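Q: structure for this input, please:
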Amino acid sequence: MTCECMGVEAISAPSVRLKAGIVGSEILPGRRWREIISAYSEMDLTFETDIFPAIQGIAMSVPSYAVSEYYAGLWKDSLVDDLMWVRSSGDAFRSKHWRAPTWSWASIVGPKRISWPFEGQRTAALCSIISISTTPAGESCYGQLLAGELRMRGPCIDATCFYSDPYNRGESTPFVRVHTGKGETFMAGPVINDISLAMDKGWLNDGMPVKVMALSKTENSSWRPAYSFLLFRCVNSWSTDWIFERVGALYSHLRLTDEERNVEKLMDVAKEETLTVI
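A: Numbers count the residues shown, from 1 in each chain. A predicted model of the protein is given here:
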């Protein structure tokens, strides 16, 4: 698809069909927007930097968000829920030309699909947003961006990356390894990498330190409460004022394995921290 600042026309191309009535439906506004993005994420733009201009018309036409602030494809009124996006299928990589902060679903490109694992369920935020900002390239916050920053505070855990087969990471399952400080070590996961290892073999190396932050808690009558976490890595470890980028996510769900059950144990060793994410 060729698109260079064509606005809403780009998303109505024949190659992609949104569910009828999504934009004007009566479902919760946050969920409505995430359904749009999930469908849109599979589109292929000739110009990678056109991601926001291509959906600008739709973002401006959703009436329920008329009083909400818009940041890199996410809305302030539903920000914690919006942040829990995952790459549910397909390969993805970082754009060669910066187009969005890493906390935005728009930061990755490729034949992937973006989804939200707990969509439609009741969630409670475990973190708080201290500040969020984006720098538009033009006059509109809905168009192309030059920069973006998010400061958030919540329960954090220091961990390292671990692969079930570190010598064949393309076919390996990623986890996080946590040292409790009491002589105990456990693994939790699996981790959903934002970037496909097949697209970037150096994305998350075995043993790489990461910061894990608890994002939200979901009440589900069929299971115990489920927790969602985001993974970050430091991009300026030489500085005293650390800056992070998002690299993945993990959440507790069916708890069929020890590693899946251990996701809940992350909350037992978490400590409140403030992170700056770009």
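
Q: next, M187: secondary structure please.
A: Three-state call for M187 (DSSP: H, G, I helix; E, B strand; the rest coil): strand.

Q: what pairs with it across the strands?
A: R177 (DSSP bridges).

Q: just give me how far the helix or strand bottoming out on mean pLDDT in the chain sits from the chain centre.
A: Least confident helix or strand of the chain, by mean pLDDT, DSSP states H and E, is helix 51-61 with a mean of 76. On the basis of C-alpha atoms, centre = their mean, to the nearest Å, helix 51-61 sits 19 Å off its chain's mean C-alpha point.

Q: same deal with stretch 78-93?
A: Distance, centroid of stretch 78-93 to centroid of chain: 4 Å (C-alpha atoms, centre = their mean).

Q: just stretch 70-78 next, same as before
A: 13 Å.

Q: start to end distance for it?
A: The first and last residues of stretch 70-78 sit 10 Å apart, counting by C-alpha to C-alpha, to the nearest Å.

Q: repeat that for stretch 76-85.
A: One end of stretch 76-85 sits 15 Å from the other (C-alpha to C-alpha).

Q: try stretch 213-227
A: Start-to-end span of stretch 213-227 (C-alpha to C-alpha) is 11 Å.

Q: now it: buried residues?
A: Residues 213-218, 226-227 are the ones in stretch 213-227 that count as buried (16 or more other C-beta atoms under 10 Å). C-beta here means a position set from N, CA and C on the backbone, and glycine is covered the same way.

Q: where do the strands sit along the stretch 101-250 of the chain?
A: Using DSSP state E, counting those that start in this stretch, the strands of the stretch 101-250 of the chain run over residues 108-109, 112-115, 123-125, 128-136, 145-163, 174-179, 185-188, 192-193, 209-218, 226-234, 244-251.

Q: on that earlier part again, just checking, what packs against the helix or strand just after the least confident helix or strand of the chain?
A: Using DSSP states H and E, the helix or strand that follows helix 51-61 in sequence is strand 70-71. On a contact count with 3 or more C-beta pairs under 8 Å, 6 or more residues apart in numbering; DSSP states H and E, strand 70-71 meets strand 128-136.

Q: sorry, back to before: now the buried residues of stretch 213-227 in JSON lines, with pLDDT and distance to D91?
A: Listed next are the buried residues of stretch 213-227 as JSON lines, based on pLDDT from 0 to 100; distance: C-beta to C-beta, whole Å:
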{"residue": "M213", "pLDDT": "98", "distance to D91": "26"}
{"residue": "A214", "pLDDT": "97", "distance to D91": "28"}
{"residue": "L215", "pLDDT": "96", "distance to D91": "24"}
{"residue": "S216", "pLDDT": "94", "distance to D91": "27"}
{"residue": "K217", "pLDDT": "91", "distance to D91": "31"}
{"residue": "T218", "pLDDT": "86", "distance to D91": "28"}
{"residue": "A226", "pLDDT": "85", "distance to D91": "27"}
{"residue": "Y227", "pLDDT": "90", "distance to D91": "27"}
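
Q: now those as CSV including distance to S164?
A: Output for the buried residues of stretch 213-227, formatted as CSV (distance: C-beta to C-beta, whole Å):
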residue, distance to S164
M213, 24
A214, 24
L215, 25
S216, 27
K217, 27
T218, 26
A226, 23
Y227, 22
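
Q: re earlier: mind checking which of the strands of the stretch 101-250 of the chain is nearest R34?
A: When these are compared by C-beta to C-beta, strand 112-115 sits nearest R34, at 8.3 Å.

Q: could you pull out the buried residues of the closest one?
A: 112, 114-115.

Q: how far out from the middle of the chain is it?
A: Centroid separation for strand 112-115 versus its chain: 10 Å, with C-alpha atoms, centre = their mean.
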